[in-house]
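Chemist: predicted coordinates and the sequence they were generated for:
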Amino acid sequence: MELLFKIIQDVILGAVQGVTEFLPVSSSGHLNIAKHLMGVDDGGIFLDVMLHIGTLAAVLIFYRKLILRLIKAFGLLVKDVFTGKFKWSKMDGDRNLIIMLIIGLLPLFLLFAPIPGTDMKVKDLADLFAESKYFIVVGISLLVTSTLLFIGDRVSKRPQGKHYKKDADSNYTGDGRTRYTVLDALCVGLTQCVAAIFPGLSRSGSTLSTGQMRGINKQAALDYTFVLGIPSILAAAVLEIKDVDKAMLTTDNIIAVVFGVIAAAVVGYFSIVLFKWLLKTDKMIVFIIYTAVVGLIVTGISVFEMLNNTTVKFF
């Protein structure tokens, strides 16, 4: 009976991870909310790592054709660099995407910068804010996510023809550019870096919105966001795996986690499909309202808990 309960619990958390990793509502924020309300001990790093693996599988399967193209283009790019044939101005779309993905990942190294006056690194703030006593951070971050989504959505609907020349360099499609510049990639990378710190600040939502604010076509911005997330998710899993408590690696826990991983992968795949459709049909208002409402509720619960020195649990 205890194993069944554990399986159900991990499947729920896996589904939450799968839905929220790719939809612009913050996976870390919703996992914290789910754990908080279910009374789950937040020490299950093994579960968190494996759920990341599940969502990584989802994005790899969905973007498998693009990823294979990029791997091939990367090999040819390296060859051209070493043979002196590489020309920045002659890059095709795949080569441009590879270089902009690399540039977009560079700001993540800031997460390893030490915080003056402490023995912490910037990335350690994420673990600090994930603690129950900082639950209000989740609510406020969700409200920030809602604001960013609103701004990005409004900018994407603004006539942009007068701002972009319709030539090969700009790759203007009528509703934004399809290629990133170095500045675009750095802005998105910095946004992803900030989103990694605050649970409740959606990585996909904030990076998508940043791309839209920079004048990038919304579908191109979403594809960049998801592919950029592949090394980010993998890096997060690798960094967390070393902190896994071996005492947690019991047979029951492993069985339950496997079910959670499957749930994260399956739900994550369909979340990508859903997000691309909602973005294409201009239904981002769904996420804008949702993150605002949940943000207000979580903030309200947090204030109630602080004033009454209690913890609200549903299970």
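Modeler: All right, it came through fine.
Chemist: tell me where this protein has helices.
Modeler: Ranges of helices in the chain, per DSSP state H, are 2-22, 27-38, 45-62, 64-83, 93-105, 124-129, 135-156, 182-195, 203-213, 218-241, 251-280, 285-308.
Chemist: go through the ones you listed and pick out the most buried.
Modeler: Comparing the helices of the chain by mean neighbour count (mean count of other Cβ atoms under 10 Å), helix 203-213 ranks first with a mean of 27. The way it works is simple: take the backbone N, C-alpha and C, and place the C-beta from them, glycine included.
Chemist: sorry, back to before: for Leu111, which of the helices of the chain is the nearest?
Modeler: For Leu111, the closest of the helices of the chain is helix 182-195, at 6.2 Å, according to Cβ to Cβ.
Chemist: pull the residues that contact the closest one.
Modeler: With contacts defined as Cβ atoms under 8 Å, 6 or more residues apart in numbering, helix 182-195 is touched by 26, 100-101, 103-108, 110-111, 180, 201-203, 206-207, 209-211, 214, 216, 224-225, 228, 232.
Chemist: what about this protein, any weak spots by pLDDT?
Modeler: Residues of the chain that meet the criterion pLDDT under 70 lie in 1, 39-45, 131-132, 159-175, 242-249, 311-315.
Chemist: dead centre of it: give me the residue that sits there.
Modeler: Centroid-nearest residue in the chain: Arg203, 3.4 Å away (criterion: Cα atoms, centre = their mean).
Chemist: ok, back up a step: mind putting the helices of the chain into a markdown table with distance to Thr118?
Modeler: Formatted as a markdown table, the helices of the chain follow (distance: least, Cβ to Cβ, whole Å):
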| stretch | distance to Thr118 |
| --- | --- |
| helix 2-22 | 30 |
| helix 27-38 | 22 |
| helix 45-62 | 22 |
| helix 64-83 | 39 |
| helix 93-105 | 26 |
| helix 124-129 | 8 |
| helix 135-156 | 18 |
| helix 182-195 | 19 |
| helix 203-213 | 25 |
| helix 218-241 | 19 |
| helix 251-280 | 33 |
| helix 285-308 | 24 |
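Chemist: of all those, which lies closest to Ile115?
Modeler: Between the helices of the chain, helix 124-129 lies closest to Ile115; by Cβ to Cβ that is 7.7 Å.
Chemist: list the contacts for the nearest residue to Met284 once chain neighbours are set aside?
Modeler: The spatially closest residue to Met284, leaving aside those adjacent along the chain, is Asp153, at 4.6 Å (Cβ to Cβ, 6 or more residues apart in numbering). Contacts for Asp153 (Cβ under 8 Å, 6+ apart) come out as Ser209, Gln212, Met284, Ile285, Ile288.
Chemist: contacting residues for the fourth one?
Modeler: To tie it back to what came earlier, the one meant is Ile285. By Cβ under 8 Å, 6+ apart, the neighbours of Ile285 are Asp153.
Chemist: ok, 10 Å please
Modeler: For Ile285, the contacting residues are Leu149, Phe150, Asp153, Leu278, by Cβ atoms under 10 Å, 6 or more residues apart in numbering.
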